[in-house]
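Visitor: sequence plus the predicted model coming up.
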Amino acid sequence: MSDLVRIELRPLGRTITVPAGTRLRDCLFPFGVEFPCGGNGRCRRCRVRVLEGSLDVTGDEERILPANELEAGWRLACRSIVRTPVALEIAQWEAAILGDDTVFQFTPREGQGIAVDIGTTTLVAQLVDLATGEVRGVRSALNPQAIFGADVMSRVEYALTVEGRQRLTAGIRVAVGKLISKLHAEPGLAEVTLAGNSVMHHLFCGIDVEPLSHYPFQPVEDGEQRFTAAELGWAALGNTRVRFLGCLGGFVGSDILAGIFATGLSRADELCGLIDLGTNGEMVFGTRERLVCASTAAGPAFEGGRISMGMRAATGAIAAVTAGSNGLVCEVLGGGQPRGLCGSGLVDAVAHLLDRGVILTSGRLAGGLKTTLLAEPVSLLQADIRELQLAKGAIAAGIQILLERLDATVADVKQLYLAGAFGNYINRSSARRIGLLPFPEELIQSAGNTSLLGAKMALFETCDSGEVTSLTEHVSLAADPEFQDKYVEGMRFPSCEEFSDS
Ligand code: FES
């Protein structure tokens, strides 16, 4: 039997004991250390610092981490193996988990049901009384697949081998099963409905994701999938019906289908839209007559990824920036000195720096600067602004192409719903200022976890997936000859004049 070693986690104040020779990757994820590139040594965001004891430096770390960081004790958790007791400083993050308590109309039915939102990062399940619509319980958890990468493409890459796919499928089924058993362990549950993006849908259902790894990114099988609980290994629930709602095409999954239920887009008389801003931006616009949807690879900037001092919205992150009389005022989550900048802070900072002429409409820092300080020690680099431009350009191009398909313009949109956690926290005025969401502020509404709400509504017979699917056309942006031009055009920031005129 191997020796046990203690790992003290600071500032968390927890100590864990693991067998000597354990990879940090295998034991730190539950404590909030993330592995955005799936442990491939590309992102450096799994860094931990050795405060006491030692961790051997690997060749990869020598290549990836600067000498002064190695000297200061920084290591990559995805590369490190613990052999002797250590105390580690970990950058802990907590995923924002959105529940839902929206009241909606439904036709009562007997029994109880469970709705689950399978997000790339988090899982949320609600137990619903189908006779009253009342939510009887909520459970949430991190998606265990996140250890293999933060974004959907890392998961797809990992799942290209049969073993990888089976591991991701088994892991997510077990995790959802545990959530469900905490809510309702007995047989007699009427139904479970699940919603998630296309990759979550495929991985949960055990469908090959290879077609999603390359152009034209068209899944072979993306319709609604039905199981019994027993087939998924949830033996206690016996033959309870489990439905994973169908996708709308490409990377537009059933999270958006559920979002259409939740926002009533398919019954709207006037033009409305729903956007889920993330690494993969998904969007749908239309009315009861016709809906068009698309997804666009926005990159990780909205989640603080590929930003020099970027981080998730966790303690120490600059999450909001306002204009003060003596310069910018940065709001740090949890107070204290900032450690980095999350997506909402990035959007705010760029909006204010545009107003002050520090950033030009081209995205260049004025005066040829390469960096500008936000709050010690957090600076914004020229390259960071470029990352945000790439993300916003992709979203802007998607919006424009979808509206053109509907023979409409931004001015015709009467309501825009923002789904998900980032949509909840982003400052609408800043989003408008940088040209990310070119709609009047009063028309932009944070809609919360529309995937969960829609999955809940789908427990009742009143929601017809088939009707929405037949109304919705999936647009492949990659195949649109104008996408590239619109993308480049969308990267530019509006000038002060253009912004005040809009
Ligand atoms: S470098 Fe990306 S997870 Fe370790």
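Guide: In hand now; what should we look at?

Visitor: quick one: pLDDT of Thr121?
Guide: With respect to pLDDT, Thr121 scores 85.

Visitor: equivalent analysis for Pro187, please.
Guide: 69.

Visitor: over to Glu94?
Guide: pLDDT, Glu94: 63.

Visitor: quick check: phi and psi at Leu76.
Guide: The phi and psi values for Leu76, taken as degrees, to the nearest 10, are phi -100, psi 120.

Visitor: now for it: which residues touch it?
Guide: 41, 44, 46-48, 58, 60-61, 64-65 (Cβ atoms under 8 Å, 6 or more residues apart in numbering). C-beta: built from backbone N, CA, C; applies to glycine.

Visitor: relative to Leu459, which of those is nearest.
Guide: Closest approach between those and Leu459, by Cβ to Cβ: Cys46, at 38.1 Å.

Visitor: find the residue closest to that closest one in space, skipping its chain neighbours.
Guide: Excluding its sequence neighbours, the residue lying closest to Cys46 (Cβ to Cβ, 6 or more residues apart in numbering) is Ala77, at 4.2 Å.

Visitor: tally up the residues packed near the one you found, please.
Guide: Counted with other Cβ atoms under 10 Å, the neighbours of Ala77 add up to 25.

Visitor: do Thr469 as well
Guide: Neighbour count of Thr469, defined by other Cβ under 10 Å: 20.

Visitor: the nearest residue to Leu70 once chain neighbours are set aside - how many residues pack around it?
Guide: By the measure of Cβ to Cβ, 6+ apart, the closest residue to Leu70 outside its immediate chain neighbours is Val57, 5.8 Å from it. Val57: 15 surrounding residues under other Cβ under 10 Å.

Visitor: residues in contact with the lowest-mean-pLDDT helix or strand in the chain: which ones?
Guide: Least confident element among the helices and strands of the chain, by mean pLDDT, DSSP states H and E: helix 496-501 (a mean of 76). Outside helix 496-501, the residues that touch it by Cβ under 8 Å, 6+ apart are 354-355, 432-433.

Visitor: show me which of the residues you listed are buried.
Guide: The neighbour count (16 or more other Cβ atoms under 10 Å) marks 354, 432-433 as buried among the contacts of helix 496-501.

Visitor: re earlier: phi, psi for the residue nearest to Cys46 please.
Guide: Ala77 adopts backbone torsions of phi -60, psi -30, taken as degrees, to the nearest 10.

Visitor: in contact with it, which residues?
Guide: Contact analysis of Ala77 by Cβ under 8 Å, 6+ apart lists 24-25, 28, 33, 35, 46-48, 90.

Visitor: among these, which ones are buried?
Guide: With burial judged by 16+ other Cβ under 10 Å, the buried subset of these is 24-25, 28, 33, 35, 46-48, 90.

Visitor: out of those, which touch the ligand?
Guide: Among the buried ones among the contacts of Ala77, the residues within reach of the ligand (Cβ under 6 Å from any ligand atom) are 35, 46.

Visitor: can you tell me which of the buried ones among the contacts of Ala77 are in helices?
Guide: 24-25, 28 (DSSP state H).

Visitor: what stretches of the stretch 401-502 of the chain score poorly on pLDDT?
Guide: Counting by pLDDT under 70, the stretch 401-502 of the chain shows low-confidence ranges at 462, 501-502.

Visitor: what about the helices in it?
Guide: 420-425, 428-433, 450-457, 465-471, 483-491, 496-501 (DSSP state H, counting those that start in this stretch).

Visitor: other SSEs contacting the fourth one?
Guide: Helix 465-471 sits against helix 254-263, with contacts defined as 3 or more Cβ pairs under 8 Å, 6 or more residues apart in numbering; DSSP states H and E.
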